[in-house]
Structure formats: C-alpha cells, structure tokens
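**Q** Here is my input; please provide its structure:
(one chain, ligands or ions: 1)
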Amino acid sequence: MYQDHFSLSASSPASAAPPNMPAPLRVGLLGLGTVGGGTLAVLLRNADLIAARAGRRIEVRMVAVRNLERARSVLGAHAASLHLTDDAQVLVHSPEVDVVVDVMGGTTLARTLVLQAIAAGKHVVTANKALLAEHGSEIFAAAQARGVVVAYEGAVAVSIPIIKTLREGLTANRIEWVAGIINGTSNFILSAMRERGLGFAAALTEAQALGYAEADPAFDVQGTDAAHKLSLLAANAFGTLPQYAEVQAEGIEDLQAADVDFAARLGYCVKLLGIAKRRGQGLELRVHPTLLPAGHLLAQVHGSMNAVMVQSDAAGTTLFYGAGAGAEQTGSAVIADLVDLARSASLLPHQRVPALGFARGVQAGLPVVGADEVESAFYVRLDLSRPELAAPRVLQQLAADGVRVERMAQYPHPADPELQCLVLLTAPVRLRTLRPALQTVEGWPEVMGFASLLRLGF
Ligand SMILES: NC(=O)c1ccc[n+]([C@@H]2O[C@H](COP(=O)([O-])OP(=O)(O)OC[C@H]3O[C@@H](n4cnc5c(N)ncnc54)[C@H](OP(=O)(O)O)[C@@H]3O)[C@@H](O)[C@H]2O)c1
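**A** Numbering: from 1, shown residues only. Coordinates of the predicted model:
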C-alpha cells in the first residue's frame, strides 16, 4: 500500500485555479493501493503543473475501496475533500465522475465495472493489462459504440510511454517487430541468476523479499503478465484487437542456473522477451526466455527495469527504457492518459486518437504462426555420460535430421561429476525439425534426461 506521500506540499485540488479555466476533469479512482495511491499523490503534488499542461484541473472526486479504514489512514487529511466509498457501483454511476480510473486489479469485477462505466457514458483509464488482454475486444467495442475513451498507458511498461509511441510517434511507420523486456519481476530474477549465480528458486525468494515479486508469482514467472502486455503492444503495432489467447507464452520457472552460466560463458545473456513480429500475412506472438548476445542493447537492461525495441520501416530501430512497475511510475502513465482526456474529451469521438491506433481497418486478429513453425537459432544442452562417444553421434544425428550446429562447447556438469554438458548453438531451424531430432538422441542410454532448449535471438 502506497501511503507516504500525501503529506507532501500538495496544492488543494480547487486552489489556485486560474480564471477562465474550463471545468475540472472529475476522476473516480477504483482502488487506492499501490497504483491508486501513487496516482493520487502525483495528482496532488503536481496539481498546478498538470492543470497548466492539460488546460483544466484534474480532480479526484471519489475513491472506492473495500477497506475504508485503511483508505482513510492512507488519505489522512485528504479524506475530507473527496467521497470515499466501499461500493464501487456508486462510483461508476456517480454524476460527480467524468472518468473512472480502474486501478483495482482482477478481471471479473473489473470487467463488470468498466463496462458499466462505459454504459454510463464515462471515460475509462485503466492500468489493468489482464483485463484488456482478456476482455479488450468487448471493452473497446463497447467504448466505441458509446463514444467514450478507454486509455491504458499504465498497463504496459509503465514509465515508458510505449502505447503513445506506437500509436502516435511511430504512426507513419510500417512496424516489422516489437521486442521487449516487459516483466520486471522476471528480469530481476534473470539478472540475479546471471550476475550472482543464483538458482531460480533463490532468485525468486530474493525478489519476493525485496518487493519485486508477488507472494503468488505465477503470472510473472510463467510469462502470463508479459503475454498480456505483448497482446496490447501487438494490437497497436499491427492494427488488431488484442490476441492474448494466441500468444505462445513460456516463462522462466524451468530455467536452470547451469544454462544461464553456460550461456554467459558463450557470450550470451538470457532475457524473457515478448516478441511480436510480422510473418508473411500473419504474426509471431511469443514470450519466452531468449539468449541475446551480451552486447545487445536489450541485454543491458538489468534488475526490474523494462525496455521495448521497435523495428519500423521509416524510423528504423528505436529503443525505450524505464521502470516497469511502481506506485508513482504507474501513476505517471495513468495521469498522462487523464491529461489526454482533459484535452480531448470535448472532441467528437472520431477526432480523438483511436484506442488501438487505427481509425479504420482494425482487424479482429491476424493468423498467428505456431511455435513449431517459428524459425530461430537454438541453444541446446545435453547431459552426456560418455561424451567422447556420444558427442560425435549426437552431431551426426542432428545433421542427418537437418539441424546445423554452428558452435559447440562442453562443460562439467554442475552437480554430477560423472556427466559432461554438451552445449550446441544451432543455425536457424524450425522447432518442427529440431524437436524430433532431439527426441531421438534423448532416447540414447548415454544421454541423461531431457535437453535444455532455449531460443537464441529473435
Ligand atoms: N503495482 C504496480 O506497479 C502496477 C504496475 C502496472 C499496472 N498495475 C495494475 O494496476 C492495478 C492495481 O494494482 P496495485 O498494485 O495498485 O494493486 P493493490 O495495491 O492490490 O491495490 C488494489 C486496490 O483496489 C482495491 N480493491 C480491490 N478490490 C476491490 C473491490 N472489489 N472494490 C473496491 N476496491 C477494491 C483495494 O482496496 P482494499 O485495499 O480496500 O482491499 C486496493 O485499494 C492492477 O490491475 C495491476 O495489474 C500495477
């Protein structure tokens, strides 16, 4: 819970309004946790500055939470200047609210409330990537039909204005691919594994102790959160509705410390990437651990930071870096959407920047290329009991099955002195070709267990 900043010298919302300023934009906050608290703190602290930029004051008039006592203790003296309720329905239907800011999380009640707010003719700003990834088609359609805005800069790589960048800054471009480190928890864990040799479990425990990972880290380490965000990035890049169900997501929970170490010795860094890429008339949409050359720009993104790289035909390669989470960091993005609304609310719907960046021609989806058909180089590790015999046989078998090995190394097994780890870096190949070849060698007696398999590059 974010609560340290309300004592900062905040101008009272109604104070110092210059004469002739239009009526304020009246905000209802659904939730006053990390993001709700950070949003309110920045809105109060920078009220005059934000009003000067927006041309109107932006005032929080209502806040809905479950636990009123906790909210009162967070708000302190500010509790008296707004309507605090534990009934979110009251907020979404209140005539005192022009825009509902959804910062409560979850997808079931949040979906209902957001749709109700839209039906009531209110604009919506949300930081809820899960909600838009899973129900975006329905929510964007409802907003379009009702002529209101659904804005969501805070839902993706929060302090990086990447939605605005794709939708506006790069609007002239045909985008070829977007690739990003868009889950700070996973990047923190991967950085700890690489820099300090920690195993996944120890790095996760550290991330939890430092507040970089939730008590239930499943969404982060299984790639789900990154897949949610990727579906929103891809929608803006390629003119589709969010295609979350089509994203092939693999997380980092099965990644072994030995593979991070061997990759480093070969000059690579393992990063969890979200990749959306044009492929013929379709798209690749995938989240997975990826080996990047240690000198790659995305390999320089450490700890819980995020970065998104975009390849487009006119602007070329662009790179955006910043915090991927945090109270005020997300608040900054939420307020950017509020300022856009303050400036554009009086426009006709077709005069506003479209929610997904395309005024016309947004497609329900593009065909997504299956994981087996995506061609890339691979890192393969096999643990061998008799490497002098097995290694040449493995290479022969892979060659016979159409897999070209470009680099090979052998390292002692980290836990079993009887074993050697054979690491192979392949030429680009489809999983459809590589997998059967590996299944053959995995069946041999001198090959122990299953191979580690990681994509190399994108
Ligand atoms: N944290 C981040 O850095 C971050 C970054 C980007 C996006 N987001 C997204 O922002 C959203 C909020 O995240 P958060 O970290 O701020 O969560 P949080 O700290 O858990 O806060 C959630 C808030 O929502 C309120 N709430 C929950 N259920 C409610 C209900 N049924 N009725 C009324 N209020 C309810 C809670 O009230 P009580 O305290 O009374 O229960 C609390 O104030 C999520 O969608 C998240 O994915 C978060």
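**Q** What confidence value was assigned to Ala215?
**A** Turning to Ala215, the model gives it a pLDDT of 88.
**Q** Which residues are in contact with the residue of the stretch 151-300 of the chain found nearest the ligand?
**A** Closest to the ligand within the stretch 151-300 of the chain is Val158: 4.9 Å, counting by CB to the nearest ligand atom. (Each C-beta comes from the backbone N, C-alpha and C, glycine too.) Contacts of Val158 were listed using CB atoms under 8 Å, 6 or more residues apart in numbering, and they are Ala127, Asn306, Gly322, Ala323, Gly324, Ala325, Gly326, Gln329, Thr330, Ser332, Ala333.
**Q** just these that are near the ligand?
**A** Ala127, Ala325, Gly326, Thr330 (CB under 6 Å from any ligand atom).
**Q** quick revisit: inside helices: which ones of the contacts of Val158?
**A** Gln329, Thr330, Ser332, Ala333 (DSSP state H).
**Q** Identify, from the residues you listed, the entry nearest to Tyr152.
**A** Among those, Ala333 lies closest to Tyr152 (CB to CB), at 8.8 Å.
**Q** Wait, Asp401 touches Gln439, no?
**A** No - assessed by CB atoms under 8 Å, Asp401 is found out of contact with Gln439, at 9.9 Å.
**Q** Next secondary structure after the helix or strand Val270 falls within?
**A** Here Val270 is covered by strand 268-279, with elements defined by DSSP states H and E. Counting by DSSP H and E, the next helix or strand C-terminal to strand 268-279 is strand 282-293.
**Q** now that next one: how far from the chain's centre is it?
**A** The chain centre lies 14 Å from the centre of strand 282-293; the measure is CA atoms, centre = their mean, to the nearest Å.
**Q** tell me the contacts of the residue nearest to Arg146 when sequence neighbours are not counted?
**A** With sequence-adjacent residues excluded and distances taken as CB to CB, 6 or more residues apart in numbering, Arg146 is closest to Ile118, at 5.2 Å. Ile118 is in contact with Val124, Ile139, Ala142, Ala143, Arg146, Val148, Val150, counting by CB under 8 Å, 6+ apart.
**Q** got the residues of the stretch 101-250 of the chain near the ligand?
**A** So the stretch 101-250 of the chain meets the ligand at Val103, Met104, Gly105, Leu109, Ala127, Asn128, Gly154, Val158 (CB under 6 Å from any ligand atom).
**Q** quick one: contacts for the residue in the stretch 251-400 of the chain that the ligand sits nearest to?
**A** At 3.3 Å from the ligand, Ala325 is the closest residue in the stretch 251-400 of the chain, using CB to the nearest ligand atom. By CB under 8 Å, 6+ apart, Ala325 lies in contact with Val158, Gly184, Tyr212, Ser304.
**Q** what about the nearest residue to Ala79 once chain neighbours are set aside, neighbour count?
**A** Take Ala79 and drop its neighbours on the chain: the residue closest to it by CB to CB, 6+ apart is Arg72, 5.0 Å away. Using other CB atoms under 10 Å as the criterion, Arg72 is surrounded by 15 other residues.
**Q** what's the answer for Leu348, then?
**A** The burial count for Leu348: 8, using other CB under 10 Å.
**Q** Which pLDDT value goes with the residue located most distally from the centre of the chain?
**A** Distance from the centre of the chain peaks at Leu389, with 45.2 Å (CA atoms, centre = their mean). Predicted confidence (pLDDT) for Leu389: 91.
**Q** Nearest residue to it in space, please, no chain neighbours.
**A** Glu446 (6.5 Å).
**Q** for Ala237, same thing?
**A** Nearest one to Ala237, counting by CB to CB, 6+ apart, is Ile175 at 4.3 Å.
**Q** What values do phi and psi take at that neighbour?
**A** When read as degrees, to the nearest 10, the backbone of Ile175 gives phi -90, psi 130.
**Q** repeat for Val310
**A** phi -130, psi 130.
**Q** Other residues contacting the helix or strand containing Val92?
**A** Using DSSP H and E, Val92 maps to helix 88-93. For helix 88-93, the surrounding residues in contact (CB under 8 Å, 6+ apart) are 28, 30, 62-64, 85, 97, 100, 104, 109, 113, 116-117, 120, 122.
**Q** and if you look at stretch 135-145?
**A** 107, 111, 114-115, 118-119, 124, 131-132, 149-150, 231-232, 235, 241-242, 244, 349, 355-356, 364.
**Q** how about a cut-off of 6 Å?
**A** Applying CB atoms under 6 Å, 6 or more residues apart in numbering, the external contacts of stretch 135-145 come out as Arg111, Val114, Leu115, Ile118, Val150, Leu241, Pro242, Ala355.
**Q** same check, this time on stretch 368-385
**A** Against stretch 368-385 from outside (CB under 6 Å, 6+ apart): 246, 248, 259, 279, 282-285, 291, 390, 413, 419-426, 428, 430-432, 446-448, 451-457.
**Q** what comes up buried for it?
**A** By neighbour count on 16 or more other CB atoms under 10 Å, the buried set for stretch 368-385 is 368-369, 371, 374, 376-385.
**Q** May I see those residues arranged in a markdown table, with distance to the ligand, secondary structure and pLDDT as well?
**A** Output for those, formatted as a markdown table (distance: CB to the nearest ligand atom, whole Å; DSSP: H, G, I helix; E, B strand; the rest coil; pLDDT from 0 to 100):
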| residue | distance to the ligand | secondary structure | pLDDT |
| --- | --- | --- | --- |
| Val368 | 24 | strand | 95 |
| Val369 | 28 | coil | 94 |
| Ala371 | 26 | helix | 92 |
| Val374 | 28 | coil | 95 |
| Ser376 | 30 | strand | 97 |
| Ala377 | 33 | strand | 98 |
| Phe378 | 33 | strand | 98 |
| Tyr379 | 31 | strand | 98 |
| Val380 | 36 | strand | 98 |
| Arg381 | 35 | strand | 97 |
| Leu382 | 39 | strand | 97 |
| Asp383 | 39 | strand | 97 |
| Leu384 | 44 | strand | 96 |
| Ser385 | 47 | coil | 95 |
